[in-house]
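*Asks:* this one's structure only:
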C-alpha cells in the first residue's frame, strides 16, 4: 500500500468528528489517525463501517495530557491537524466550567505546542485546522449576521472557552508562524448526535411519549446545518482554505426553538402514524437557561464565494433523514442512553 501522509483528527469518535473521519478515510489520500478520549459523547460504534480500512487508525488518549500529545506527534509526524475535540454542551459548562477550560483551552494549547515543537519551523504543506463555534460571537438582535470579522462576545463558560482557544490558535500563528485555519459553525444536526442535544432529545422523547422541555418561551433562534454538509465544508477548507483565514459555516436556516420542535412533532406524528398534533401536546416550557443567547445567525457568504460551498439539504428534508436514521438505529440510541456503547471499545480495542 502507498504510504499516505498522516493527518490527526481529534474528537473523531464524536458527532461531527465521526462524519469528518469517515469522509476523509473514504475520499482522501490521508492516513487518518483518530484521537479520542471516549468520554460520554465519543462512541466508536459511529465508525464501525470504516474501522478496518488500511488508512484509518484509532488512538485512545486525552489532549489534556501534554506528554502524551508530544509523543503522539513525534510518532506520527502529522502533516495536518483537524482539531474537533471539545466539551460542547452549554448546560454542562454552566455546571462545571473548569472541565471546559481544561479541555477546550489547555487541550488546544497542548496540541499547538506539539505541532510547533514537532514541525520545528518546517511549516511547508502543514496545517493546524481548528474547529470552533458561532457562539463565540455572542448574541444577535432580530437583525444582522455573524461575519468573520464580528467581534467576540462570549456569554457562557462554553463559548468563553472556545473563544479563548480561537485566540490561542491565532496567537501561535502570529507569534510562531504556525499555519492555521479556523472555522466557526452554526448548530449541527443529523445522525449519531448524542441525545442531550435538542433534536435527538426531542426525537427520543416524542417516541417514548415523554415531555419535550423547551427553555423559556421557545423564542431563541438558531441557524441549523446538516452535519454531513459541515463535514464537506471541513474537507474543502482543509484542502483549499487559505492559511490564516477564518471561515463561517452556516445553514442559511434560522428557526425559533419552539417552531423547530413543532415541526419535528409533526414529522414524528406522520412517521409514527399518530393524529397530527399528538406530539405537540408533549411540549413543556421550563425555566430558561442562564445567559441564554437570543439569536445566532451566520453569514456564510465567504466560504460560498471563495470555496464554492453551500448547504445541500433543505431543513425539512434534513430533519426527515435524521428522524429516519434514529428510527433505523434504535439500538445505537439505546446503547448511548445506557452507556453500553463503552463495551464496544473494550470488545474491539482494549482486549485485543
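*Replies:* Received the coordinates, thanks. Since we're looking at a predicted model, the values are computed, not measured.
*Asks:* For the stretch 251-352 of the chain, which segments count as helices?
*Replies:* 257-272, 301-307, 315-328, 330-338, 342-345 (DSSP state H, counting those that start in this stretch).
*Asks:* want to try TSV for those, with distance to residue 163, mean pLDDT and mean neighbour count as columns?
*Replies:* Every C-beta, even on glycine, is put in place using the N, C-alpha and C of the backbone. Converted to TSV, the helices of the stretch 251-352 of the chain look like this (distance: least, Cβ to Cβ, whole Å; pLDDT from 0 to 100; neighbours: other Cβ atoms under 10 Å):
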stretch	distance to residue 163	mean pLDDT	mean neighbour count
helix 257-272	23	96	18
helix 301-307	19	97	16
helix 315-328	28	94	17
helix 330-338	29	78	15
helix 342-345	32	50	16
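*Asks:* Can you say which of those helices is nearest to residue 85?
*Replies:* When the helices of the stretch 251-352 of the chain are compared by Cβ to Cβ, helix 342-345 sits nearest residue 85, at 16.1 Å.
*Asks:* so residue 116, which of the three states?
*Replies:* What DSSP: H, G, I helix; E, B strand; the rest coil gives for residue 116 is helix.
*Asks:* For it, the count of nearby residues, please.
*Replies:* Here the number of neighbours of residue 116 (other Cβ atoms under 10 Å) works out to 18.
*Asks:* do the same with residue 153
*Replies:* Using other Cβ under 10 Å, residue 153 is surrounded by 14 other residues.
*Asks:* same thing with the one 4 residues further on?
*Replies:* Using other Cβ under 10 Å as the criterion, residue 157 is surrounded by 22 other residues.
*Asks:* Hmm, residue 261 is touching residue 213, no?
*Replies:* No - applying Cβ atoms under 8 Å as the test, residue 261 and residue 213 come out as separate, 9.6 Å apart.
*Asks:* in the longest helix along the chain, what counts as buried?
*Replies:* Ranked by number of residues, the top helix in the chain under DSSP state H is helix 157-176. Within helix 157-176, the residues scored as buried using 16 or more other Cβ atoms under 10 Å are 157-166, 168-170, 172-173.
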